[in-house]
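Trainee: Sequence and predicted structure below; questions after.
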Amino acid sequence: MNLDYLVLGSDGHFNGGDVLATLVIFLILMFLLKKFAWGPLMGVMQQREELVKSEIDAAENARKESAKLLEEQKSLLKDARTEAQTIVESAKKQGELQRDEIITAARAEANRLKESAVREIETEKEKAIAAVRAEVVSLSVLAASKVLEKEISEEDNSALIKETIAKAGEAK
Amino acid sequence: MNHESPELTLDLGAFSLTFNLSTVLMLVITAVVVFLIAFIATRNLKLKPTGMQNFMEWVMDFVKGIIKSNMDWKTGGRFHILGITLIMFIAVANLLGLPFSGIVINDQLWWKSPTADPTVTLTLASMVTVLATWYGIKLQGSKHYFGTFFQPMSFMFPLKIIEEFANTLTLGLRLYGNIYAGEILLGLLAGLAGSGVVGFVGAIIPTMAWQGFSIFIGFIQAFIFTMLTMVYLSHKVSADH
């Protein structure tokens, strides 16, 4: 039995051309693929890697930035709050002060008004009394002259009557 | 299954080159298919990948994973393109034999997987060994590199030499054996289907099963070849081995 067909290359020659063809075709394929396919693809993958990296960095930066801003805003808010408190307090103080001032002024004004009113009343009263006195005197003179039918000068008469009335006033 | 091969011998004076035209044809077809897949998939590249770009990126990451499981990326990165090209080339080569396997013209077998030819697989395996030796010397220095043949003990030297050849042979023959066996069986089933109505009906299910299995084998062998390539490369370039 001939088992030669089981042996590689048993037909007695070596296919050097196939070796060469395999090598050349494979190497050309590898070169072409590197140039037209793997190279660009690797470039894109590299680019994506860098993009992801930069995005992560950017996100990290944004996070830090926002934390900083938050801190800033917090402190600003705190400042504003304390400022508002001081403003309110000072306004309160100012208001109290003003109230007191207004009250004192009003009080003084009222007193002044009252006093002037009292004074006016007093003078009016005196005026009225004087007028009544004068009227009474002239009436009395008229009455007396009518009663006595006597020629007494009006001046003497009025002086007499005034005296009488004054006495009467004191007696009261 | 003992068809003739369409052979062409070029006489170049001092030596002659014999080409198996079927192998050359299938190699070219494989290369064109791989190139077209990769070229079309990488048109219109976007940062947000879609469709075929996703697939290609998956392949790249897959090979990257293979390399990273064997050596650190700093040394292994230079083999990335080799790895992707190898895995795509071998996978396509393995699958090419399936659809029209056994097209015979004038009793000459024209359509087959190029990897069903031991010359092709052994050439690829030798290429890997040569590359491994080249990078081993380049990255470790020739003194250190040849020193590893006497590690851990000097009497290991013959074994190490044998290992070099054994690695090359097994790497190439494993691929060849798997694919060639698959094609033989597909050819036998095709013959059965052509034998008559009963044979045709009887051959349908085994053929389908075997084709499915061959697709699986095709991808697995491409993966294994790439994986072992990286294993051998890492043995040579990594100082700790």
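Mentor: Nice, thanks for sending it over.

Trainee: the longest helix in the chain is where?
Mentor: Let's take chain A. As assigned by DSSP state H, the longest helix anywhere in chain A is helix A:39-148.

Trainee: You answered for a different chain; I wanted chain B.
Mentor: Of all segments of type helix in chain B, defined using DSSP H, the longest is helix B:197-237.

Trainee: ok so, going back, could you name the helices and strands sitting against the longest helix of chain A?
Mentor: Applying 3 or more CB pairs under 8 Å, 6 or more residues apart in numbering or on different chains; DSSP states H and E, we find helix A:39-148 packed against helix A:154-171, helix B:51-68. From N, CA and C alone the C-beta is placed, and that goes for glycine too.

Trainee: and A:Val52, which of these is closest to it?
Mentor: Across the helices and strands packed on helix A:39-148, A:Val52 has its closest neighbour in helix B:51-68 (13.9 Å, CB to CB).

Trainee: from the chain's centre, how far out does that closest one sit?
Mentor: 18 Å (CA atoms, centre = their mean, to the nearest Å).

Trainee: Output it as CSV, nothing but the C-alphas.
Mentor: The C-alpha coordinates for helix B:51-68 follow below in CSV (Å, rounded to 0.1, in the frame of the first residue of the first chain):
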residue,chain,number,x,y,z
GLY,B,51,-22.7,49.9,12.1
MET,B,52,-19.5,48.4,10.6
GLN,B,53,-17.3,50.7,12.5
ASN,B,54,-18.5,49.2,15.7
PHE,B,55,-17.6,45.7,14.3
MET,B,56,-14.1,46.8,13.3
GLU,B,57,-13.6,48.4,16.7
TRP,B,58,-14.8,45.3,18.3
VAL,B,59,-12.2,43.3,16.3
MET,B,60,-9.5,45.7,17.3
ASP,B,61,-10.4,45.5,20.9
PHE,B,62,-10.6,41.8,20.7
VAL,B,63,-7.1,41.5,19.3
LYS,B,64,-5.9,44.1,21.9
GLY,B,65,-7.3,41.8,24.6
ILE,B,66,-5.4,38.8,23.1
ILE,B,67,-2.2,40.8,23.1
LYS,B,68,-2.8,42.2,26.6
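
Trainee: So, low pLDDT: which residues of chain B?
Mentor: Along chain B, the parts satisfying pLDDT under 70 run over B:1-4, B:13-14, B:101-103, B:106-107, B:239-241.

Trainee: again, only using 80
Mentor: B:1-18, B:44, B:47-48, B:99-110, B:151-153, B:238-241 (pLDDT under 80).

Trainee: quick one: the strands in it?
Mentor: In chain B, the strands defined using DSSP state E lie at B:7-11, B:16-20, B:103-105, B:108-111.

Trainee: Is B:Met52 in contact with B:Phe39, as I believe?
Mentor: No - look at B:Met52 against B:Phe39 with CB atoms under 8 Å: they stay out of range, at 10.3 Å.

Trainee: hmm, back to that, redo the strands of chain B as a markdown table? Include mean neighbour count and distance to chain A.
Mentor: Output for the strands of chain B, formatted as a markdown table (neighbours: other CB atoms under 10 Å in any protein chain shown; distance: least, CB to the nearest CB, whole Å):
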| stretch | mean neighbour count | distance to chain A |
| --- | --- | --- |
| strand B:7-11 | 12 | 7 |
| strand B:16-20 | 18 | 3 |
| strand B:103-105 | 12 | 18 |
| strand B:108-111 | 18 | 14 |
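
Trainee: now those strands as CSV including distance to A:Glu89?
Mentor: Compiled in CSV, these are given as follows (distance: least, CB to CB, whole Å):
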stretch, distance to A:Glu89
strand B:7-11, 108
strand B:16-20, 104
strand B:103-105, 103
strand B:108-111, 100
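
Trainee: circling back: quickly check: the longest helix of chain B near chain A or not.
Mentor: No - Helix B:197-237 lies apart from chain A when judged by CB under 8 Å from any CB of the partner chain; the minimum separation is 12.4 Å.

Trainee: I'd like to know which elements that helix is packed against.
Mentor: Here helix B:197-237 is seen to pack against helix B:51-68, helix B:73-76, helix B:80-96, helix B:118-140, helix B:157-193 when contacts are counted using 3+ CB pairs under 8 Å, 6+ apart.

Trainee: Repeat the analysis, applying 6 Å as the threshold.
Mentor: For helix B:197-237, the packing partners by 3 or more CB pairs under 6 Å, 6 or more residues apart in numbering or on different chains; DSSP states H and E come out as helix B:51-68, helix B:80-96, helix B:118-140, helix B:157-193.

Trainee: what is the orientation angle of that helix with helix B:157-193?
Mentor: 160 degrees (axes from the mean of the first three to the mean of the last three CA atoms, to 10 degrees).

Trainee: okay, the angle between helix B:197-237 and helix B:80-96?
Mentor: Orientation check (the same axes, to 10 degrees): helix B:197-237 against helix B:80-96 gives 170 degrees.

Trainee: Quick check: the gap between A:Ser153 and A:Ala166.
Mentor: Distance, A:Ser153 to A:Ala166, using CB to CB, to the nearest Å: 20 Å.

Trainee: In chain A, where is pLDDT below threshold?
Mentor: Confidence mapping of chain A against pLDDT under 80 gives the ranges A:1-16, A:144-157, A:160-161, A:168-172.

Trainee: Now do A:Ala37: how many residues are near it, please.
Mentor: Neighbour count of A:Ala37, defined by other CB atoms under 10 Å in any protein chain shown: 25.

Trainee: now swap in B:Gly83 and tell me
Mentor: The local packing of B:Gly83 (other CB under 10 Å) involves 22 other residues.

Trainee: which one is it nearest to, not counting chain neighbours?
Mentor: Spatial nearest neighbour of B:Gly83, excluding adjacent residues (CB to CB, 6 or more residues apart in numbering or on different chains): B:Val63 at 4.1 Å.

Trainee: With B:Val24 instead?
Mentor: Excluding the flanking residues, the one nearest B:Val24 by CB to CB, 6+ apart is A:Ala21, at 4.7 Å.

Trainee: what helix or strand is the one you found on?
Mentor: Assigned by DSSP states H and E, A:Ala21 belongs to helix A:16-33.

Trainee: and the angle for that helix with strand B:7-11?
Mentor: When the same axes, to 10 degrees is applied, the directions of helix A:16-33 and strand B:7-11 differ by 100 degrees.

Trainee: Sort out which residues of helix A:16-33 are buried, please.
Mentor: Burial within helix A:16-33, assessed by neighbour count using 16 or more other CB atoms under 10 Å in any protein chain shown, is assigned to A:16-19, A:21-22, A:25-26, A:29-30, A:32-33.
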